[in-house]
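Enquirer: fold the following for me, if possible:
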Amino acid sequence: MEKEKNKTIVDRVWDIFASVKLAVVIFAVLSLTSIIGTIIEQNASPERNIKLLGKFFGQSAAPTLFRVFDTLGFMDMYRSWWFLAILMLLAANLIICSIEKLPGIMKLVKEPMKPLQPESFKGLRIRKEFLLKGSPAKTKAVVSNAIKKIGRFNLSEISDGNGYQFYSQKGSYTRLGVYVVHFSIIVILIGAVAGIFFGYKGFLNLPEGTTSSVVYVRGGKAEKNLNFTIRCDEFDVEFYGNSDMPKRYKSWLTIIKDGKEVVKKIIEVNEPLKYEGVTFYQSSYGLTPEAGNSVFKFKVTPKGGKTEDVAMGFGSSFTVPGTNLSGRVEDFSPALGFDQQSNKPFTYAEQMNNPAVYLSFYEKNVRKYGGWLLKRYPETWKLPEGHTVEFVDLWGVQYTGLQVRKDPGVWIVYLGCLAMTIGLLVAFFMSHKRIWVRLLEEKGNTRVIMGATASKNRYAFEKKIDKLEELLTRGEEGGK
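Expert: Coordinates of the predicted model:
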């Protein structure tokens, strides 16, 4: 009590930060706030989060709750001052706890192994006693070899009354495994803070054939300049069979720096493009509001002739090679469907789910026929004369939605995770083991008294001591 009264304010603050209870409270607060930060979409538009809050608390309360959460910083939680303060508290708690406990642990780690007094053997939790034939001088080599085989102990030996004592230890530094874990958490926190302050997460909707040197962060409210330019050369979607369910979608991207194309890559979901620490992920797609530079692409094959590629704009015409037949683009639908009763065409979606182009064919300026060519249905490409006009694509009408991420702290986090893995392996699967063995002469035979301790997983070490007893009492060659 007197010692507590004499503590200064600094001592009391130190005791608070050295408390395991504080660590539990900090982890609980982090878990609770992280749950909220996961449910609320970070840096999203207000409309999206108001709609989300409406599902949980009702539409009437959603706007008020949004303002409260926005004021508290939950809409950009991981950059808020209070979340960073919690991380700093956690770091301080781990560092001070480690400093507080480290001297005692280091004393155990560096303490030299010493022989044990006879009366101290009775206080060991792992203890064995049995009799071997022969004098201690004859049995000590067998006992020593057997001990080395079960644990590879580097034994020390002393004379002990009318016999001998072996003693050894291994794994003393495994007691520091928990400090490696503490260190790894600090490293991970440093990496996370580096990512928060020097990195960003953004998005970019990039139409085919266009370039951009900026990405948009914080719900599109701010631009982040790249040190290069990215261009979408092409975008394509594949579907399952004749359904409208996308199978995969991919983008042909080009990185341009100092006027030169330095990287070209086709990206898909889970196959991003990385350049200068910036990663571009394939995340979405859609139709551009304006597609003035769009180009229809066809493969035209005259009957018995050679296929030619044709690229043209809306309202333009092309001629089937070797004939007087010309085709003109007169209409387009990104998702063409036909009414089951009237068979009239209609557009059922604002995505390129079932793209189709309407072509009219003329001969000597006289219209002969016309019809819809559907990109996904080859049977619509055949003309009455036996020619084939394949609708390949309408280029320039779609955009690729890219998630963009730069995190300079990611390698620090990886280093911390590696350190944590090592620390956890040491902390949970390795232990500080100590063993003492007395060999005492008893009527021409040897009384063996074994004692051992283990800082962790005592049961496994006790099984090895049982095995050692079994090997010695069986009297097999070499202590087996």
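
Enquirer: use CA for all of it now, contacts and neighbours both
Expert: Fine.

Enquirer: any idea how far Gly423 is from the nearest residue to Ile105 once chain neighbours are set aside?
Expert: By the measure of CA to CA, 6 or more residues apart in numbering, the closest residue to Ile105 outside its immediate chain neighbours is Arg175, 7.0 Å from it. Arg175 is 10 Å from Gly423, where distance means CA to CA, to the nearest Å.

Enquirer: where does this protein have its least confident helix or strand?
Expert: helix 2-5 (a mean of 58; mean pLDDT, DSSP states H and E).

Enquirer: so where's the stretch 201-350 of the chain uncertain?
Expert: 219-221, 291-292 (pLDDT under 70).

Enquirer: correct me, but Ile147 touches Lys467?
Expert: No - counting by CA atoms under 8 Å, Ile147 does not reach Lys467; the two are 10.1 Å apart.

Enquirer: show me which of the two is the more surrounded one.
Expert: Ile147 (26 against 15; other CA atoms under 10 Å).

Enquirer: in what helix or strand does the more buried one lie?
Expert: Secondary structure assignment for Ile147, by DSSP states H and E: helix 136-151.

Enquirer: does anything pack onto that helix? Which helices or strands?
Expert: strand 163-170, strand 433-442, strand 445-454, helix 458-474 (3 or more CA pairs under 8 Å, 6 or more residues apart in numbering; DSSP states H and E).

Enquirer: 10 Å instead?
Expert: Packing partners of helix 136-151 (3 or more CA pairs under 10 Å, 6 or more residues apart in numbering; DSSP states H and E): strand 156-160, strand 163-170, strand 433-442, strand 445-454, helix 458-474.

Enquirer: would you list the strands that the first one pairs with, along with their directions?
Expert: The reference is to strand 156-160. strand 163-170 (antiparallel) (DSSP bridges).

Enquirer: what's the answer for the third one, then?
Expert: In its sheet, strand 433-442 lies beside strand 163-170 (antiparallel), strand 445-454 (antiparallel), with partners assigned from DSSP bridges.

Enquirer: so who does the residue lying closest to Ser60 once chain neighbours are set aside touch?
Expert: Using CA to CA, 6+ apart and skipping the chain neighbours, the partner closest in space to Ser60 is Gly54 (7.4 Å). Neighbouring residues of Gly54 by CA atoms under 10 Å, 6 or more residues apart in numbering: Arg48, Ser60, Ala61, Ala62, Pro63, Leu65, Phe66.

Enquirer: of all those, which comes closest to Gly277?
Expert: Of all these, Gly277 sits closest to Arg48, with 29.6 Å by CA to CA.

Enquirer: so which strand or helix has the closest one?
Expert: Applying DSSP H and E, one finds Arg48 within helix 46-57.

Enquirer: which other helices and strands contact whatever helix or strand comes next after that helix?
Expert: Using DSSP H and E, the helix or strand that follows helix 46-57 in sequence is helix 62-72. Judged by 3+ CA pairs under 10 Å, 6+ apart, helix 62-72 is in contact with helix 46-57.

Enquirer: can you tell me which residues contact Ile26?
Expert: Val20, Leu32, Ile86, Leu87, Leu89, Leu90, Asn93.

Enquirer: quick one: what helix or strand has the fourth one in it?
Expert: Just to be clear, that refers to Leu87. helix 81-110.

Enquirer: please point out which parts of that helix sit buried.
Expert: Going by neighbour count (16 or more other CA atoms under 10 Å), the buried part of helix 81-110 is 83-84, 87-98, 100, 105, 109.

Enquirer: next one: that helix to chain centre, how far?
Expert: Put simply, helix 81-110 sits 26 Å off its chain's centre (CA atoms, centre = their mean, to the nearest Å).

Enquirer: dihedrals phi and psi, Asn258?
Expert: Slight slip there: residue 258 is Asp, not Asn. Main-chain torsions, Asp258, degrees, to the nearest 10: phi 50, psi 40.

Enquirer: neighbours of it, how many?
Expert: Applying other CA under 10 Å, we find 9 residues neighbouring Asp258.

Enquirer: does it really touch Asn227, like I thought?
Expert: Yes - here Asp258 reaches Asn227: they are 9.4 Å apart, a contact under CA atoms under 10 Å.

Enquirer: ok, Leu90 touching Ala28?
Expert: No - counting by CA under 10 Å, Leu90 stays clear of Ala28, with 11.2 Å between them.

Enquirer: so what sits against both of those two?
Expert: Common neighbours of Leu90 and Ala28, using CA under 10 Å, 6+ apart, are Leu22.

Enquirer: sorry, back to before: how much does the helix holding Arg48 deviate in direction from helix 62-72?
Expert: Here helix 46-57 runs at an angle of 110 degrees relative to helix 62-72 (axes from the mean of the first three to the mean of the last three CA atoms, to 10 degrees).

Enquirer: buried residues, helix 46-57. List them.
Expert: Pro46, Asn49, Ile50, Leu52, Leu53, Gly54.

Enquirer: got it, and stretch 441-461?
Expert: 441-442, 445-454, 456, 458, 461.

Enquirer: bridging across strands, which residues link to Val263?
Expert: Ile255.

Enquirer: identify the residues contacting it.
Expert: Val263 touches Ile230, Leu253, Thr254, Ile255, Ile256, Lys257, Leu273, Lys274, Tyr275, counting by CA under 10 Å, 6+ apart.

Enquirer: and Gln59, how far from Leu52?
Expert: Taking CA to CA, one finds Gln59 at 9 Å from Leu52.

Enquirer: also Ile147?
Expert: 66 Å.

Enquirer: next one: Glu290
Expert: 30 Å.

Enquirer: swap in Ile40?
Expert: Ile40 is 8 Å from Leu52, by CA to CA.

Enquirer: overlap in contacts, those two.
Expert: Phe66.

Enquirer: looking at the chain, which strand is longest?
Expert: Longest strand in the chain by number of residues (criterion: DSSP state E): strand 222-239.

Enquirer: so Pro384, which of the three states?
Expert: coil (DSSP: H, G, I helix; E, B strand; the rest coil).

Enquirer: residues contacting it?
Expert: Applying CA under 10 Å, 6+ apart, the residues near Pro384 are Tyr369.

Enquirer: what does Met113 give?
Expert: So Met113 contacts Ser156, Tyr167, Ser168, Gln169, Lys170, Arg434, Ile435, Trp436 (CA under 10 Å, 6+ apart).

Enquirer: mind giving me the ChimeraX select for those, buried ones only?
Expert: In ChimeraX, this line selects whichever of the contacts of Met113 come out buried by 16+ other CA under 10 Å:
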select :167,168,169,170,434,435,436
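
Enquirer: and which of the contacts of Met113 is nearest Trp395?
Expert: Nearest to Trp395 among these, counting by CA to CA, is Lys170 at 69.6 Å.

Enquirer: was I right to think that closest one contacts Ala452?
Expert: No - counting by CA under 10 Å, Ala452 is not a contact partner of Lys170; they are 11.7 Å apart.

Enquirer: name the residues contacting each of these two.
Expert: The contact lists of Lys170 and Ala452 share Lys433, Arg434, Ile435, where a contact means CA under 10 Å, 6+ apart.

Enquirer: mind putting these into TSV with distance to Arg248 and pLDDT?
Expert: Below are those laid out as TSV (distance: CA to CA, whole Å; pLDDT from 0 to 100):
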residue	distance to Arg248	pLDDT
Lys433	56	94
Arg434	60	94
Ile435	62	95
